[in-house]
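Peer 1: pasting a predicted model and its sequence here:
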Amino acid sequence: MKKCSYCFQVIPEDATECNHCKETLINDSSAKPGVLGNREADKEIIEELEMMRRLLVSPQ
């Protein structure tokens, strides 16, 4: 048995989709649960979130 990388529920070892949250599971065992595992992609996401935050808090 293993845990789903999205909802952390216990699922069968050979499952490709979580029975609980229905997410397609990550096959890369080096990726941490809930994390992309790709530093460049993580950096891009953080930059996009920062840009959205600035737009939301900036005076119009």
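Peer 2: That came through, no problem.
Peer 1: neighbours around Phe8, how many?
Peer 2: As a burial measure, Phe8 scores 13 neighbours (other C-beta atoms under 10 Å). C-beta coordinates here come from the backbone N, C-alpha and C atoms, glycine included.
Peer 1: could you find the closest non-adjacent residue to Lys2?
Peer 2: Among residues not flanking Lys2 along the chain, Glu13 sits closest, at 5.4 Å (C-beta to C-beta, 6 or more residues apart in numbering).
Peer 1: look up how far Ser5 lies from that neighbour.
Peer 2: Glu13 is 13 Å from Ser5, where distance means C-beta to C-beta, to the nearest Å.
Peer 1: quick check, pLDDT for Leu36.
Peer 2: In this model, Leu36 is scored at 49, pLDDT.
Peer 1: and what of Pro33?
Peer 2: pLDDT, read off for Pro33, is 50.
Peer 1: coming back round to it: show me which of Glu13 and Ser5 is the more surrounded one.
Peer 2: Neighbour totals were compared for Glu13 and Ser5, and Ser5 leads with 18 against 6 (other C-beta under 10 Å).
Peer 1: circling back: ok, the residue nearest to Lys2 to Lys3 distance?
Peer 2: Using C-beta to C-beta, one gets 11 Å for the distance from Glu13 to Lys3.
Peer 1: tally of neighbours for His20?
Peer 2: So His20, with other C-beta under 10 Å, has 13 neighbours.
Peer 1: quick one, phi psi at it?
Peer 2: phi -90, psi -50 (degrees, to the nearest 10).
Peer 1: confidence score at the nearest residue to it once chain neighbours are set aside?
Peer 2: Leaving aside its sequence neighbours, His20 sits nearest to Gln9 (C-beta to C-beta, 6+ apart; 4.3 Å). What the model reports for Gln9 is a pLDDT of 90.
Peer 1: pLDDT wise, what is His20 at?
Peer 2: pLDDT at His20 comes out at 91.
Peer 1: make 154 the starting number, not 1.
Peer 2: Sounds good: first residue 154 from here, last item His173.
Peer 1: wait, it touches Phe161, no?
Peer 2: No: when contacts are counted by C-beta atoms under 8 Å, His173 is not listed as touching Phe161 (9.2 Å).
Peer 1: right, I'll call it a day here.
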